[in-house]
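Trainee: Give the three-dimensional model of this entry:
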Amino acid sequence: MKDIKQLYREEWYRFKTRHLKIFLLALLLFILVAVLSYTYLLGHPDLTEQKFLELAEKLLEKVPVDKGRLVMSAAILLSNLAAVSLVVGLGLAPFMFLPTFGVILNGAAMGVMSAFMTLRGVDLGSLLLFGLAPHGIIEIPTFLYACTLGIALCLGLTRFIIKELFGRGNPAELPSPSEKGPEESFTDLLKHTFRTFVLVIVPLILLAAVIEAFITPLLIHAFIGDLHIL
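Mentor: You can find the predicted model right below:
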């Protein structure tokens, strides 16, 4: 039985050698979509308000904000666990790379929120620093890593199907996802994906939910004030 430190060392090595490039591309796409949607929506106030209210309505359906911090943190945890489970699971659909849409949708949601707050006169810098960064600095990269796992899963399954259909052929035609590690079977990929989900994704999502429910509201109240904007 491996000790926990060894497991996390292996997870860090796997991230660097097999997932880093995909993660950085997902991060770049997230930022690009957020900036583009923010810039566009600033010139369309009515559309911005409509999209923000739609997002707020969906959020309030999942997260009751009037039933105490503990219930709120549990609701945030369950909602985020469902989201990361979905984007990883979508990786089981070959050729389509559906987890990419999770990156795009969340980047667009960030743009909507930022544009709405800007149009309502809220200091966006303070809001991002005190209202988003405390939990977002954990939650956003964790979600993007979950998308990365889903994309890597889709890539592995796609490569496996191509090999089964067309034969192995020249190994150089179907390179390993990483130049630093040997090619692994799809079964091993599933095992490693599940292990990463349990060891990395779930604990970070839990930590982000606790911070968002218990710490972020205090920081918003202390440094920004009450946001009566709806």
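Trainee: elements contacting the helix ranked longest in the chain?
Mentor: The single longest helix within the chain, with elements called by DSSP state H, is helix 133-166. With contacts taken as 3 or more Cβ pairs under 8 Å, 6 or more residues apart in numbering; DSSP states H and E, helix 133-166 sits against helix 20-42, helix 69-89, helix 99-119, helix 186-196, helix 202-214, helix 216-223. C-beta coordinates here come from the backbone N, C-alpha and C atoms, glycine included.
Trainee: Make a markdown table out of those and add mean neighbour count and distance to residue 62.
Mentor: Shown next, in a markdown table, are the helices and strands packed on helix 133-166 (neighbours: other Cβ atoms under 10 Å; distance: least, Cβ to Cβ, whole Å):
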| stretch | mean neighbour count | distance to residue 62 |
| --- | --- | --- |
| helix 20-42 | 17 | 21 |
| helix 69-89 | 18 | 4 |
| helix 99-119 | 21 | 13 |
| helix 186-196 | 16 | 25 |
| helix 202-214 | 19 | 12 |
| helix 216-223 | 14 | 16 |
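Trainee: Show me the one of the ones you listed that comes nearest residue 130.
Mentor: Among these, the nearest to residue 130 by Cβ to Cβ is helix 216-223 (4.2 Å).
Trainee: And the closest one, what does it pack against?
Mentor: On a contact count with 3+ Cβ pairs under 8 Å, 6+ apart, helix 216-223 meets helix 133-166.
Trainee: what about the helix it packs on, distance to the chain center?
Mentor: The chain centroid and the centroid of helix 133-166 are separated by 10 Å under Cα atoms, centre = their mean, to the nearest Å.
Trainee: cool, stretch 131-142 as well?
Mentor: In this view, stretch 131-142 has its centroid 10 Å away from the chain centroid, taken as Cα atoms, centre = their mean.
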